[in-house]
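S.K.: sequence first, predicted model second:
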Amino acid sequence: MKCPVRESGRRFPDRPALEFEGARWTWGQLDAAVGGWQRWLEAHGVRQADRVATLAWSRPELLLLWFALGRLGAALVPLNARLTAAELGPLVERAGVRLVLADEALIDRLPGARPFPAPAPQAVADGEPEGSQVFAALFTSGTTGTPTLVPLTVGNFVAAHAANAANLGAVETQVWLGTLPLFHVGGLAMAFRWAMMGAALVLERQFDAGRAAALLRRGDLTHASVVPTALARLLDQPGPPFASSLAAILVGGGPMGAELLSRARARGLPVLQTYGLTEACSQVTTERPAEADGSTAGHALPGLEVRVVDEHGVSCAPGTVGEVQVRGGTVTPIAGEWLPTKDLGSLDARGRLTVHARRVDLIVSGGENIYPAEVEAVLSASGLVTDVAVAPMADPTWGQVPVAFVVWKAAAADEALLTYARARLAGFKVPRRLVAMQELPRNAGGKLLRHQLVAPHSPA
């Protein structure tokens, strides 16, 4: 296929393409900038099937690098900028990358990383991405808490764009607000759609509620993607009504809740609930604009199939809860015919999905996934506890936060354990509270009965 940036540069050379912290680029300028990156990567030994890792908050260089890698048949491995050095080292080793580029402020976390260069723009005609090539590989937690590297192909991103376009349309006049981090699949999928359309993107380094609210009132933006926590913060911002130019605000990464939905619609935001996951290149289901009522996460997007099955793999009747499974062109090639999501959901009689639990034992905090097993492994290694379990606690700001139930080896040592955890885990994974236990609930086989753990109430 043709490189989306090159094609948009050919079709719309003078149209606005990208805005970032006051700087602006046309599509013609972006095409030349990607060409410069392509030559820089070649000069530094990057070839087909290589991987380049990044540790950065959202910035234009990430987009230029990504599409340049696509032209070379190589892949981007974007690392979560919130992770600690202890978490990042093993990921880079497992990913087998040729280069690591990092923000100046983050570079000390990854020995061997180099700062982002500034290649001179070049007009480059060679290099086109192939549908089957891996375009990005993202780490996501497996059922044991060990991160899994999920490859997503050019074809996966093309299918995701086509599915979204069938629901929301795809024209170059769309203007997207990019606050989702580019190290998450939602941010990358949005960026690919933007390039395929030749639309405009207002990219933010990180989400800032005040700035995002001001941008959504500006009058030219048409679309945005946010997590529920970000939506709630947007609605807390004082100011005039949001612009009538807004056509759709996609909300995913966790349940929105009826109250938040009501607040958003009362303020004139055209929110659409979505459900998706990394292994399916972001969106799987989304409400249709003409029939959005907020009661479900919507229908499967065109080109995708969703089913709900029981423990024997038999399709469930409408309204019956089972495991959500996905099939279609957006699904990673490492999945089987049907991608088992391990999420619990149900389909109504109209085929709309309701998600009842996000993956077994998963804690979703402000759109970030936390697997208890990963946190438990770190706490156990401290030598301060004889047993530990992590469970979610409801939180008015983040939706959920982790709480650790601990059986102390000797005297309680709350601060020592939390200090140990902070040095080895991203801040959002560190337990907000420690609950002392005489013993943890386990069955006769020693399996933890996590559902019997009752977290304390979060303060209002």
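M.R.: Thanks, I have the structure now. Numbers count the residues shown, from 1 in each chain.
S.K.: tell me the contacts of the residue nearest the centre of the chain?
M.R.: Geometric centre of the chain, nearest residue: H184, 3.2 Å, by CA atoms, centre = their mean. Contact analysis of H184 by CB atoms under 8 Å, 6 or more residues apart in numbering lists N80, L138, G367. For every residue, glycine as well, the C-beta is placed using N, CA and C.
S.K.: low-confidence ranges in the stretch 201-350 of the chain?
M.R.: Counting by pLDDT under 70, the stretch 201-350 of the chain shows low-confidence ranges at 255.
S.K.: where do the helices of it begin and end?
M.R.: All helices of the stretch 201-350 of the chain, identified by DSSP state H, counting those that start in this stretch, fall at 209-216, 228-235, 258-266.
S.K.: now those in CSV, with distance to A423 and mean neighbour count?
M.R.: Formatted as CSV, the helices of the stretch 201-350 of the chain follow (distance: least, CB to CB, whole Å; neighbours: other CB atoms under 10 Å):
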stretch, distance to A423, mean neighbour count
helix 209-216, 29, 18
helix 228-235, 25, 21
helix 258-266, 34, 15
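S.K.: would you turn the ones you listed into CSV with distance to L64?
M.R.: As requested, the helices of the stretch 201-350 of the chain are arranged in CSV below (distance: least, CB to CB, whole Å):
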stretch, distance to L64
helix 209-216, 22
helix 228-235, 25
helix 258-266, 34
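S.K.: closest one to F428 among these?
M.R.: helix 228-235 (10.8 Å; CB to CB).
S.K.: so the closest one versus helix 258-266, what angle?
M.R.: Inter-element angle recorded for helix 228-235 and helix 258-266: 40 degrees (by axes from the mean of the first three to the mean of the last three CA atoms, to 10 degrees).
S.K.: distance of the residue nearest to the centre of the chain from G252?
M.R.: Separation of H184 from G252 (CB to CB, to the nearest Å): 10 Å.
S.K.: gap between W338 and T332?
M.R.: 12 Å.
S.K.: more crowded one of the two?
M.R.: T332 (21 against 17; other CB atoms under 10 Å).
S.K.: who touches the more buried one in this structure?
M.R.: Contacts of T332 by CB under 8 Å, 6+ apart are V150, P151, L152, T153, N156, T278, E279, A280, C281, L339.
S.K.: what about the closest residue to T274 other than its chain neighbours, neighbour count?
M.R.: Sequence neighbours aside, G252 is the residue nearest to T274 in space, at 3.9 Å (criterion: CB to CB, 6 or more residues apart in numbering). Each residue near G252 was counted by other CB under 10 Å, and the total is 25.
S.K.: do I have it right that G252 meets T278?
M.R.: No. Using CB atoms under 8 Å, G252 is not in contact with T278, being 11.8 Å away.
S.K.: who's in contact with the longest helix along the chain?
M.R.: Scanning the chain for the helix with the most residues, using DSSP state H, yields helix 27-43. With contacts defined as CB under 8 Å, 6+ apart, helix 27-43 is touched by 3, 5-6, 8-15, 17-18, 25, 52, 60-61, 63-65, 67-69, 71-72, 74, 117, 119-124, 127, 198.
S.K.: do stretch 16-26 as well
M.R.: Outside stretch 16-26, the residues that reach it (CB under 8 Å, 6+ apart) are 8, 12-15, 27, 29-30, 33, 59-60, 63, 198, 200-205.
S.K.: generate a PyMOL selection restricted to the buried subset of those.
M.R.: A single PyMOL command selects the buried members of those (16 or more other CB atoms under 10 Å):
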select buried, resi 8+12+15+27+29+30+33+59+60+63+198+200+201+202+203+204+205
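S.K.: so which of the contacts of stretch 16-26 are in strands?
M.R.: The strands, defined by DSSP state E, take in A200, L201, V202, L203 from the contacts of stretch 16-26.
S.K.: of these, closest to Q174?
M.R.: Comparing the ones in strands among the contacts of stretch 16-26 against Q174 with CB to CB places A200 closest, at 7.3 Å.
S.K.: any low-confidence regions in the stretch 1-150 of the chain?
M.R.: Checking the stretch 1-150 of the chain against pLDDT under 70 turns up 141-145.
S.K.: where do the helices sit along it?
M.R.: 4-11, 27-43, 60-72, 85-95.
S.K.: now do the last one: everything it contacts.
M.R.: Here helix 85-95 makes contact (CB under 8 Å, 6+ apart) with 51, 53, 55, 77, 79, 83, 100, 108-111, 137, 139, 147, 149, 423-426.
S.K.: cutoff 6 Å now
M.R.: Outside helix 85-95, the residues within contact range by CB atoms under 6 Å, 6 or more residues apart in numbering are R51, A53, V77, R109, L110, F139, R424.
S.K.: so the second one bridges to which residues?
M.R.: Looking back up the chat, that one is A53. V77, V100 (DSSP bridges).
S.K.: enumerate every residue touching it.
M.R.: V77, L79, V92, A95, V97, V100.
S.K.: which one of those residues is nearest F405?
M.R.: Using CB to CB, the contacts of A53 come closest to F405 at L79, 30.2 Å.
S.K.: how about the residue nearest to that closest one when sequence neighbours are not counted, what does it touch?
M.R.: Once flanking residues are discounted, L79 sits nearest to L55: 4.7 Å by CB to CB, 6+ apart. L55 sits next to L79, A102, L106, L110 when contact means CB under 6 Å, 6+ apart.
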